[in-house]
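Participant: Give me a model of this one.
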Amino acid sequence: MPRSPVRPPRQPNKSSNQGDTWTRTAAPHLWDSPSGRLDLKRFPPRNNATLQAWDAGDTWLLERLKTTERPEHLLLVNDSWGALLCGAQQLFSNANSVTISLVTDSYLADQAYHQNTAANALKGAYSTVSPLETLPQDINHVLMKLPKSQSLLERQLAQLSRDLAPGTLLQVAAKSQLFTPGVREIFAHYCDSVEVSLIQRKHRLLTARIRAQSWPEHDFQTTWQELGLTLTQHAGVFARNQLDIGARFMIEVMERHLSSHPTGAKVADLGCGNGILGLIYAQWHPDAQVTWFDESKLAVASCTRNIEQNLGTSERYQVLLDDCLSSVATSSFDRVLCNPPFHQEHAMTDHIAKQMIRDSRRVLKPGGELWLVANRHLPYYLILQKTFRLVEPVEQNSKFVVYRAV
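Facilitator: Numbers count the residues shown, from 1 in each chain. Sure thing, here's the model as predicted:
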């Protein structure tokens, strides 16, 4: 029985205010930090950006750093846009003996460090450490912004406990409601002398001392079977223990509509996470050239492993760390598969999906297709219509809709 035409889902009223996602008031970029005035922007910089590059937690941590004994080697963990880095460099501008290292899972954060240190003419040296690498053992002071993922938090604390000297000072800032009982239990497991402050400016500050522990890396990876695939992924990667319901619906729709495939077609899995969409597509179409893209280093590592254990190594497959599709040549792909995020850490935002849609249009060959799954309440139909010649909602259920755009 043929399926009835799918109507576009009802889109939000443009005048409605649904948090940071659709407000249009430009965020400030000049910050009077505890170390002095700084010009900070998120990466990539956008006109009329609605999300600023620092918060009260950054201010609090720098205030404490300013009044604490000067560290020899300072580690910054989850410094999303370089607020802590720029503040520390400014604070220690006359202290060449202070070494600064950073750990972040984000490619965008790495780019923001370069952008914001250059914008503020900060010449101090710093080094970045991959979350998969061993930390320098001479670190004696750690500032951390609390990550959204508790599994990533536990992995990071375990890494600190394994690599740093017992008693190393740890100071952590976040919005008050994020210091849940579960989060406090994680800190109690890996740290001594844990103290959580009262609320200031809607934030809390946790102070602790690192406790020495050893841990095997596989303790922070999960492996499960799904749709005939063995999926393994690191802590902090989206949908860590089971298949995301949006991705599951996307795969069901793909199975009904993407059975045909141009010979040797080039396909992109954009915002790939553990790589599930591209893995399924490559399994169905062994001649496809599939490239997976993500800005998370742990996602790229997880996806790479999943390709190896499900598809094997092949020149047809590659995984790239990128800002959406920024490094990709124009008119180079036949299809793009995408399950875009609408959060960036703790903030709700649609700018990532907008960039993914714009980048997809640019990299698709004439007649190429973007297949995108989204929550029904998000205004992606309107965004797609502004970017593509033809947009159709292929299928939808009570929560999600899959669009095809050409």
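Participant: Let me see the ranges of the strands in the stretch 101-250 of the chain.
Facilitator: Counting by DSSP state E, counting those that start in this stretch, the stretch 101-250 of the chain has strands at residues 127-129, 141-145, 169-175, 191-196, 203-210, 221-226, 229-234.
Participant: Of those, which stretch is the most buried?
Facilitator: strand 141-145 (a mean of 24; mean count of other CB atoms under 10 Å). Any C-beta I mention is one placed from the backbone N, CA and C, and that applies to glycine too.
Participant: Any chance you could list what contacts that strand?
Facilitator: By CB atoms under 8 Å, 6 or more residues apart in numbering, the list of residues contacting strand 141-145 from outside reads 57-58, 61, 65, 68, 71, 73-80, 84, 88, 156, 160, 164, 168-174, 210.
Participant: and residue 128, what are its bridge partners?
Facilitator: Residues in a beta bridge with residue 128, per DSSP bridges, are residue 102.
Participant: meant to ask about residue 175, not that
Facilitator: Residues in a beta bridge with residue 175, per DSSP bridges, are residue 203.
Participant: which one of the strands of the stretch 101-250 of the chain lies closest to residue 47?
Facilitator: Minimum separation from residue 47 across the strands of the stretch 101-250 of the chain (CB to CB) falls at strand 141-145, 26.1 Å.
Participant: and the closest one, which strands flank it?
Facilitator: strand 73-77 (parallel), strand 169-175 (parallel).
Participant: Can you list the low-confidence ranges for the chain?
Facilitator: 1-5, 10-24, 95-96, 217-218, 343-348 (pLDDT under 70).
Participant: 90 - rerun?
Facilitator: Counting by pLDDT under 90, the chain shows low-confidence ranges at 1-27, 46-51, 93-97, 213-220, 238-242, 259-263, 341-351.
Participant: can you point me to the longest strand in this protein?
Facilitator: Secondary structure of the chain read by DSSP state E shows that its longest strand is strand 364-375.
Participant: Pull the distance from that strand to the chain's centre.
Facilitator: Distance of strand 364-375 from its chain centroid, counting by CA atoms, centre = their mean, to the nearest Å, is 22 Å.
Participant: just checking, what packs against that strand?
Facilitator: Applying 3 or more CB pairs under 8 Å, 6 or more residues apart in numbering; DSSP states H and E, one finds that strand 364-375 contacts helix 245-257, strand 333-338, helix 351-363, helix 380-387, strand 400-405.
Participant: Just the angle for the first one relative to strand 364-375, thanks.
Facilitator: Pointing back at helix 245-257 there. 130 degrees (axes from the mean of the first three to the mean of the last three CA atoms, to 10 degrees).
Participant: who does helix 245-257 touch, helix- and strand-wise?
Facilitator: Partner elements for helix 245-257 (3+ CB pairs under 8 Å, 6+ apart): helix 276-284, strand 364-375, strand 391-396, strand 400-405.
Participant: Check the second one too.
Facilitator: Strand 333-338 makes packing contacts with strand 266-270, helix 276-284, helix 351-363, strand 364-375 when contacts are defined by 3+ CB pairs under 8 Å, 6+ apart.
Participant: Can you name the residues in contact with the first one?
Facilitator: If I follow you right, that is strand 266-270. 275, 277-278, 281-282, 285, 288-293, 324-325, 328, 332-338, 340, 356, 359-360, 363.
Participant: between it and strand 333-338, what angle do the directions make?
Facilitator: Going by the same axes, to 10 degrees, strand 266-270 makes 20 degrees with strand 333-338.
Participant: can you check the third one too?
Facilitator: Taking the same axes, to 10 degrees, one finds helix 351-363 and strand 333-338 inclined to each other by 170 degrees.
Participant: domain parsing for the chain?
Facilitator: Residue ranges for each domain of the chain read 34-215, 220-405, as given by automatic domain parsing.
Participant: Reformat those as TSV; add distance to residue 27.
Facilitator: Listed next are these as TSV, based on distance: least, CB to CB, whole Å:
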stretch	distance to residue 27
domain 34-215	4
domain 220-405	11
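Participant: and of the ones you listed, who's closest to residue 26?
Facilitator: Nearest of the domains of the chain (CB to CB): domain 34-215, 4.7 Å.
Participant: Ranking the helices and strands packed on strand 333-338 by mean neighbour count, which comes first?
Facilitator: Comparing these by mean count of other CB under 10 Å gives strand 266-270 as most buried, with a mean of 25.
Participant: Which neighbours in the sheet does that one have, and how are they oriented?
Facilitator: strand 289-294 (parallel), strand 333-338 (parallel).
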